[in-house]
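Participant: Starting from these lines, generate the structure:
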Amino acid sequence: MGTRSHGRATALVGGMVLIPSAIMLVIGTRNVNHLIQKVGEKKTIYIGFSIMVLGAIFLFSLPEHASIVMLFVATAILGTAFGIVNITLQVAVQESVAKHLIGAATAVNALLRTMGTTLVLSGLSIALNRTFTEATAHNPKLTTTLLNQISDAKALKNIPVNLIAPLRHTLFNGMHLLALISGLLLFIALFVNWLDPWKKGLE
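Facilitator: Numbering: from 1, shown residues only. Presented below is the predicted three-dimensional model:
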């Protein structure tokens, strides 16, 4: 959806934007052990969250008509950060408990991660829907159906030409808001980890 708010991108191109994220996720994961050995788990998490914040800021700063290449860069940055943070947090949890509790700790960690993801996605969905509702209230010609169609390259030809620009602008505003909220949440997460007094390994 975000890619198609920047132009006539197809679903294929929209999916391809996630490829850099997947590649950099693997690269970030493979370099976690080196980072942990060099600076410790806590600083590694700092690094990962800092990269996430930078990625969110970069995504937020993109103009409405930015090149799709910029979205590739943004997803690559975020993919790297996810690879670093996810593995490091999992390792930290497993090393914080006795060996016979590793399985339970891993399960609880996965549960909390899933619950957190669900809550955040729900909040982001509400924010996005509110943006769409406000847009349709200000312009009666804009409808939820048209907003759904603007993200479909095939359905785009059925939309009146004079509505394409405002629909894309509305979609962009929604994505812009999500990037802002995500950046704020990541900054809070970084701050919370900074307050955490844990000291392990080289930290």
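Participant: who's in contact with stretch 19-32?
Facilitator: Residues outside stretch 19-32 that contact it (CB atoms under 8 Å, 6 or more residues apart in numbering): 44, 48, 72-73, 75-84, 86-88, 91. To be clear about C-beta, it is placed using only N, CA and C from the backbone, and glycine gets the same treatment.
Participant: And the buried ones among those, selectable in ChimeraX?
Facilitator: Restricted to buried positions by 16 or more other CB atoms under 10 Å, the ChimeraX selection for those reads:
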select :44,48,72,73,75,76,77,78,79,80,81,82,83,84,86,87,88
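Participant: Identify each buried residue in the longest helix seen in the chain, please.
Facilitator: As assigned by DSSP state H, the longest helix anywhere in the chain is helix 102-138. By 16+ other CB under 10 Å, the buried positions in helix 102-138 come out as 105, 109, 124, 128, 131, 132, 135, 136.
Participant: Give the closest residue to the third one in space, chain neighbours not counted.
Facilitator: Translated: residue 124. residue 178 (5.3 Å; CB to CB, 6 or more residues apart in numbering).
Participant: list the contacts for that neighbour?
Facilitator: So, once contact is read as CB under 8 Å, 6+ apart, residue 178 ends up touching 124, 127, 128.
Participant: export these to CSV and tack on pLDDT?
Facilitator: Formatted as CSV, the contacts of residue 178 follow (pLDDT from 0 to 100):
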residue, pLDDT
124, 90
127, 90
128, 88
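Participant: Please convert these to JSON lines, extending it with distance to residue 15.
Facilitator: Shown next, in JSON lines, are the contacts of residue 178 (distance: CB to CB, whole Å):
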{"residue": "124", "distance to residue 15": "20"}
{"residue": "127", "distance to residue 15": "24"}
{"residue": "128", "distance to residue 15": "20"}
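Participant: between the buried residues of helix 102-138, which is closest to residue 173?
Facilitator: Using CB to CB, residue 131 is the member of the buried residues of helix 102-138 that lies nearest residue 173, at 5.7 Å.
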